[in-house]
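K.L.:
Here's a sequence, model it:
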Amino acid sequence: MGTFPKPVGTREQAEAEVKGWTRLASRISVPALHGEVALPDRRLLAYEDVFATGRCEVLMGDVIALADRDPAVLPRLDRLVDGVCADLRAAAEETGKRVPLADCVPDLYLDRIRPGGRLDRWYLRRDLPIALPHTHMTVTLRELADYTITANGRRLTLNVADTIDSLRHSLAPDRLWLAGLTQGDTTEPNIADPLCWLDFEFAGRNTAAGEAANLIWYLMALGGWLVPRYQPDVYARSLRLALPPLTRPRIEHLELNEGRRHIDVRYFWDTGPGRSAAVTRALGGLRGEGGSGLEEIRAFLALRILGVIPASRLTGHDLLLVLINLAESQDPLTAIGTFFTTTQAPHRNSGERSSNVPAPA
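P.N.:
Take a look at the predicted model:
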């Protein structure tokens, strides 16, 4: 009771995680680490169960879902997002130094962009068909690169192969980045409320820009949309409440002109009020992590957009939205406030809570 046993594959992985946890334990709020158990096929790290001990109540994703439904929860969400951003800023200011990307924890970025890595397997080794919404047409990913796209009035090109080639240049192993000591995977299931960081698989020296990109894209798209839709078991298992998400990005209009090789798209990025507020709050709190624009986080953001949910699992509607967001994020004229714009839906079930939903703290 009060202990959370986390399975870890090998002795080396366990040692790396313990080292990461140790480097953070005196700097940010983390669960106690009680010890390690060696089993024949794996290792177990025994962490404090912050929910069983009463130290924390829910996860960040739960607080967002509650704030989507009840405006009284918004101050609680603001405090949590502010605390996360303050920890990331402090990591950059107090432990940050400019180092080659190869000196940072490789798993989320460097390993995925390497030739033969995840992006090659998902996007380059086969030509994915994309069923265009609101039409009876299917184009492949390579064919789509020959089309121009007008998305909400902005002219774009959706050439994923060129984007991946550009990412390899931007995220070269020897390129220098500001990197500090952080938890390494800043996502809603890894942050408890009151603020406590969980899961130290990627803990260590991580880029400030990568941490910012990870957090904001998770808030905007992964947490409220892609993960619950395409990894529902992960969503249900990782969140305490797993309330139905209210984020509904949608393509409202698509017109295809085959002769001109042009596609006109109008889309909306609907989110609940809580998620919209979290995105806005994080943008304000992370200005120091990536500057006032997208320049520092652009490449890391692209890798998060492409490298989390396999493209082959997405519907044509959802894949096209992801690719449009990718193109917008890489456009040099895109301002951070413009890219991370959501369409706020009204509060749902305001004032109503089930008996297992904690009241705002």
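K.L.:
care to break this structure down by domain?
P.N.:
1-55, 60-344 (automatic domain parsing).
K.L.:
any idea of the mean pLDDT in the longest one?
P.N.:
Along domain 60-344, the predicted confidence averages to a pLDDT of 94.
K.L.:
Ok, the first one next?
P.N.:
Along domain 1-55, the predicted local confidence has a mean pLDDT of 93.
K.L.:
mind listing the helices for the stretch 1-150 of the chain?
P.N.:
In the stretch 1-150 of the chain, the segments counted as helices under DSSP state H, counting those that start in this stretch are 11-24, 60-69, 74-95, 110-113, 118-119, 141-144.
K.L.:
Now tabulate those helices in a markdown table and tack on mean neighbour count.
P.N.:
Using the backbone N, CA and C atoms, a C-beta is placed for each residue, glycine as well. Output for those, formatted as a markdown table (neighbours: other Cβ atoms under 10 Å):
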| stretch | mean neighbour count |
| --- | --- |
| helix 11-24 | 17 |
| helix 60-69 | 27 |
| helix 74-95 | 19 |
| helix 110-113 | 19 |
| helix 118-119 | 20 |
| helix 141-144 | 18 |
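K.L.:
is it possible to export those to a markdown table including distance to residue 127?
P.N.:
Listed next are those as a markdown table, based on distance: least, Cβ to Cβ, whole Å:
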| stretch | distance to residue 127 |
| --- | --- |
| helix 11-24 | 36 |
| helix 60-69 | 35 |
| helix 74-95 | 39 |
| helix 110-113 | 20 |
| helix 118-119 | 15 |
| helix 141-144 | 5 |
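K.L.:
between those, which one is nearest to residue 336?
P.N.:
Using Cβ to Cβ as the measure, helix 74-95 is the one of those that comes nearest residue 336, at 14.3 Å.
K.L.:
which residues touch the closest one?
P.N.:
27-28, 60, 63-64, 66-67, 178, 180-182, 186, 191, 193-195, 197, 208, 211-212, 215, 273-274, 277-278, 281-282, 284-286, 288-289, 360-361 (Cβ atoms under 8 Å, 6 or more residues apart in numbering).
K.L.:
These in helices, which ones?
P.N.:
Members of these lying in helices (criterion: DSSP state H): 60, 63-64, 66-67, 208, 211-212, 215, 273-274, 277-278, 281-282, 284-285, 288-289.
K.L.:
Buried subset of the residues you listed, written for PyMOL?
P.N.:
Command for PyMOL that selects the buried part of those, burial taken from 16 or more other Cβ atoms under 10 Å:
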select buried, resi 60+63+64+66+67+208+211+212+215+273+274+277+278+281+282+285+289
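K.L.:
What distance do you get for residue 178 to residue 89?
P.N.:
The gap separating residue 178 from residue 89 is 12 Å, by Cβ to Cβ, to the nearest Å.
K.L.:
Output the contacting helices and strands for whichever strand or helix holds residue 319.
P.N.:
Using DSSP states H and E, residue 319 maps to helix 316-330. Here helix 316-330 touches strand 129-131, strand 148-151, strand 154-157, helix 160-170, strand 248-257, strand 262-271, helix 298-306, helix 336-339, going by 3 or more Cβ pairs under 8 Å, 6 or more residues apart in numbering; DSSP states H and E.
K.L.:
which one of these is the most hemmed in?
P.N.:
helix 298-306 (a mean of 24; mean count of other Cβ atoms under 10 Å).
K.L.:
that older thread, so which of the helices of the stretch 1-150 of the chain gets nearest residue 163?
P.N.:
Among those, helix 118-119 comes nearest to residue 163, with 9.3 Å by Cβ to Cβ.
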